[in-house]
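J.: missing the sequence, but the structure's below:
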Ligand SMILES: O=C(O)CC1=CCC(=O)O1
């Protein structure tokens with residue numbers, strides 16, 4: 001099952017810079033592991049915003065929730081989820 005998730009990140013402006021750096025590094029490692037596993041099929045930065053679109057390819061709603069809520073930055077992320085179905089006009 002595929003889901004397009006828009007994540008908008010709002011880190012507190014007064015967050016300790018060291019903690020911020022650790023969060024960013026942990027987020028990168030977690031995200032790259034999911035990409036290597038194919039559970040994040042693609043990720044894009046929204047130009048000009050601290051936000052991204054992530055295409056998840058997972059087995060269930062529950063797996064999606066587990067992965068999104070496991071993001072190190074989860075407490076600072078507003079996630080909007082859209083479930084994707086096959087488009088009847090798709091040639092793939
Ligand atoms: O957009 C970000 O930097 C936060 C994020 C979530 C998954 C990822 O790889 O980065």
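T.: Nice, I can see it. Fair warning: this is a prediction, and the values are worked out from it, not measured in the lab. Numbers count the residues shown, from 1 in each chain.

J.: which parts of stretch 72-92 are buried?
T.: If you call a residue buried by 16 or more other CB atoms under 10 Å, then stretch 72-92 has these buried ones: 72-73, 76-77, 79. Every C-beta, even on glycine, is put in place using the N, C-alpha and C of the backbone.

J.: ignore the last one, stretch 41-52
T.: Counting neighbours by 16+ other CB under 10 Å, one finds that the buried residues in stretch 41-52 are 43, 51-52.

J.: what sits up against the top helix by length along the chain?
T.: Counting residues, the longest helix in the chain under DSSP state H turns out to be helix 17-37. Helix 17-37 is touched from outside by 11, 15, 40, 43, 67, 70-73, 76, with contacts defined as CB atoms under 8 Å, 6 or more residues apart in numbering.

J.: just the residues you listed: which are in helices?
T.: Helix and strand membership here follows DSSP H; of the contacts of helix 17-37, those in helices are residue 67.

J.: so which of the contacts of helix 17-37 reach the ligand?
T.: Restricting these to those adjacent to the ligand (criterion: CB under 6 Å from any ligand atom) gives 43, 71, 73.

J.: next up, phi/psi of residue 64, please.
T.: Comment: the main-chain dihedrals of residue 64 come out as phi -60, psi -50, following degrees, to the nearest 10.

J.: tell me, how many residues neighbour it?
T.: The tally of other residues near residue 64 (other CB atoms under 10 Å) stands at 21.

J.: same thing with the one 4 residues further on?
T.: The burial metric for residue 68, expressed as a neighbour count using other CB under 10 Å, is 18.

J.: for the closest residue in space to it that isn't next to it in sequence, which residues make a bridge with it?
T.: For residue 68, ignoring the flanking residues on the chain, the nearest one in space by CB to CB, 6 or more residues apart in numbering is residue 79 at 5.5 Å. With DSSP bridges applied, residue 79 shows beta-bridge pairing to residue 7.

J.: dump the residue contacts of residue 79.
T.: 5-7, 68.

J.: dump the contacts of helix 17-37 to JSON lines, plus pLDDT.
T.: Shown next, in JSON lines, are these (pLDDT from 0 to 100):
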{"residue": "11", "pLDDT": "97"}
{"residue": "15", "pLDDT": "97"}
{"residue": "40", "pLDDT": "98"}
{"residue": "43", "pLDDT": "98"}
{"residue": "67", "pLDDT": "98"}
{"residue": "70", "pLDDT": "98"}
{"residue": "71", "pLDDT": "98"}
{"residue": "72", "pLDDT": "98"}
{"residue": "73", "pLDDT": "98"}
{"residue": "76", "pLDDT": "98"}
